[in-house]
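In: sequence isn't available, so here's the structure alone:
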């Protein structure tokens, strides 16, 4: 059971999302906050098991991105994702830059929340498909700088692995698709991080978009 804290001030949307998530039988909403404070959030998570926090970008008295960043820094074992009605570059790129674990647009398809939360619990980043399209468009339209030398060091298999990671597939799924072992995927992933001087999956996704490796 994935234990989720939901931070969302719009009661109607919160109730709808809660129903959507819990009807799967695999997710439990362990707490709901409409207007959280650092103290009220800390008091709960320090006394209860929590796997993932879903936080709205627009909260009444605070910036949801900043609050999510604080959660990520204060409780590094928690996975933190944004909920938003926005797909503008400024919001999506802030999520990437703050190393948040996910981004769910509020028009997401019914299957996306469960699959996304499962990937996050496994340690993967999950940015919903519509948001991935925004990221891709940004780097194409703005001609973002290209790290050509590291990309040239990648083997064909490493390029395959980075392409699948950028699409949100877990290591286990990549292993099945490529017909290789989970351990081999781990090795390729570590080699990619080392060759390209990447620190995390968000860096890898950004690198893939910058170098045209996501297609």
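Out: All right, it came through fine. If you're wondering where the values come from, they're calculated on a predicted model, not measured in any experiment.

In: could you confirm residue 131 falls within a strand?
Out: No - applying DSSP: H, G, I helix; E, B strand; the rest coil, one finds residue 131 to be helix, outside a strand.

In: find the nearest non-adjacent residue to it, please.
Out: Spatial nearest neighbour of residue 131, chain neighbours left out: residue 103 (4.9 Å); criterion: C-beta to C-beta, 6 or more residues apart in numbering. Glycine gets a C-beta too; all of them are placed from N, C-alpha and C.

In: where does the one you found sit: helix, strand or coil?
Out: strand.

In: identify the residues contacting it.
Out: 81, 82, 84, 92, 95, 126, 127, 128, 131 (C-beta atoms under 8 Å, 6 or more residues apart in numbering).

In: helix, strand or coil: sort out the first one for me.
Out: Right, the one you point to is residue 81. Taking three-state DSSP, the label given to residue 81 is strand.

In: helix or strand: which one has residue 6?
Out: strand 2-7 (DSSP states H and E).

In: hey, which helix or strand in the protein has the poorest pLDDT?
Out: Ranking every helix and strand in the chain by mean pLDDT, DSSP states H and E puts helix 148-152 at the bottom, with a mean of 60.

In: and the helix or strand just after it, what does it pack against?
Out: The element immediately downstream of helix 148-152 (helix or strand, assigned by DSSP H and E) is helix 156-166. Helix 156-166 is packed against helix 171-178, helix 182-196, helix 201-210, with contacts defined by 3 or more C-beta pairs under 8 Å, 6 or more residues apart in numbering; DSSP states H and E.

In: okay, these in TSV with mean neighbour count, mean pLDDT and distance to residue 165 next?
Out: Shown next, in TSV, are the helices and strands packed on helix 156-166 (neighbours: other C-beta atoms under 10 Å; pLDDT from 0 to 100; distance: least, C-beta to C-beta, whole Å):
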stretch	mean neighbour count	mean pLDDT	distance to residue 165
helix 171-178	17	90	7
helix 182-196	16	85	7
helix 201-210	20	85	6
